[in-house]
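Asks: Next come a sequence and a model predicted from it.
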Amino acid sequence: MQKKKLNILGLSVSQTQSGAYALVLAEENGDRRIPIIIGPVEAQAIAIQLEGLRPPRPLTHDLFKNLAFAFDINVSEVIIYKLEEGIFYSELVCVMGEEEIRIDSRTSDAVALALRFKCPIYTNEDILNKAGIVMDNEEDSPVEFEGDPAGSKSEFESYTENDLNEMLNEAVSNEDYERASKIRDELNRRKK
C-alpha cells in the first residue's frame, strides 16, 4: 500500500447528521478532501487540541499519551486503512524500543491522538478514490470549528473582551468545554 499523507483541515457542523460534526482531512499535495462524520465528544477532543486549550486535568486522550510516555511508547503514525459501509477503520502504529505494534482504533480517536503525539496521518489511494471529494476554490479555505452553526446572536455579545477571557479561563477550569468553545467563537468573531 502506498501511503498518502493527510492533514487536518478542520471541523465543522455536519450538514448531513444532526448533532454530529465533520472532521475534514486534506490530501497533502493534492486537492481531495475526506469528510468523516464524528460525534460531539470526539469533535471536542480534537477541537481542544487544535485550539491549544489546556484543561486543568488530563482528558482521556491526554491520559493515554501520558501513560504511553511513562512506558516509553510512542505513536509514530496513524493509518486510515479501510472504508467499509461508510465507516473508516484506523490503526495506531506504536513503537516501543525496536518493536512496532499496530493497534486498532476509531478514526476520531486516532486523529485526536495524532494531534497529541504530533505524528502524521496516512491513508491509501483506494480510500481517497472512494471518499475523497474535490472542493470548489471558494470552499477550499480551512474549515473552522463552529460552536454556533446557526449564526444566531451570541449570548456573550454584551460582555467585554476582558470578561470573556476570564469566563473562558473559568470554563476551561470547570471542564465546561462546550461553553469554552462558544466563548472562544465570540472572541474570534470580534477579531475579524
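Replies: Done, it's in. These numbers come from a predicted model, not from an experiment.
Asks: Please count neighbours and contacts with C-alpha atoms only from this point.
Replies: OK.
Asks: what about the residue of the chain positioned farthest from its centre, distance to Asn129?
Replies: Residue farthest from the centre of the chain, counting by CA atoms, centre = their mean, is Ser158 at 30.1 Å. Distance, Ser158 to Asn129, by CA to CA, to the nearest Å: 48 Å.
Asks: quick one: average pLDDT of the longest helix along the chain?
Replies: Looking across the chain with DSSP state H, the single longest helix is helix 177-191. For helix 177-191, mean pLDDT rounds to 77.
Asks: What is the distance between it and the centre of its chain?
Replies: 17 Å (CA atoms, centre = their mean, to the nearest Å).
Asks: got it, and stretch 16-36?
Replies: Computed by CA atoms, centre = their mean, the chain-centroid distance of stretch 16-36 equals 10 Å.
Asks: Nearest to the spatial middle of the chain, which residue is it?
Replies: Within the chain, and using CA atoms, centre = their mean, the residue nearest to the centre is Ile46, at 3.2 Å.
Asks: hey, where'd the helices end up in this structure?
Replies: Taking DSSP H to define them, one finds helices in the chain at 40-50, 60-70, 107-117, 125-131, 161-173, 177-191.
Asks: Can you show me the CA trace of the longest one as PDB?
Replies: As requested, the backbone C-alpha atoms of helix 177-191 are provided in PDB (Å, rounded to 0.1, in the frame of the first residue of the first chain):
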ATOM      1  CA  TYR A 177     -15.600  22.800  27.100                       C
ATOM      2  CA  GLU A 178     -18.800  23.400  25.200                       C
ATOM      3  CA  ARG A 179     -19.100  26.800  26.900                       C
ATOM      4  CA  ALA A 180     -15.400  27.500  26.400                       C
ATOM      5  CA  SER A 181     -15.800  26.900  22.700                       C
ATOM      6  CA  LYS A 182     -18.700  29.300  22.500                       C
ATOM      7  CA  ILE A 183     -16.800  32.000  24.300                       C
ATOM      8  CA  ARG A 184     -13.800  31.300  22.100                       C
ATOM      9  CA  ASP A 185     -16.000  31.700  19.000                       C
ATOM     10  CA  GLU A 186     -17.200  35.000  20.200                       C
ATOM     11  CA  LEU A 187     -13.600  36.200  20.800                       C
ATOM     12  CA  ASN A 188     -12.700  35.000  17.300                       C
ATOM     13  CA  ARG A 189     -15.700  36.700  15.800                       C
ATOM     14  CA  ARG A 190     -14.600  40.000  17.300                       C
ATOM     15  CA  LYS A 191     -11.100  39.700  15.900                       C
END
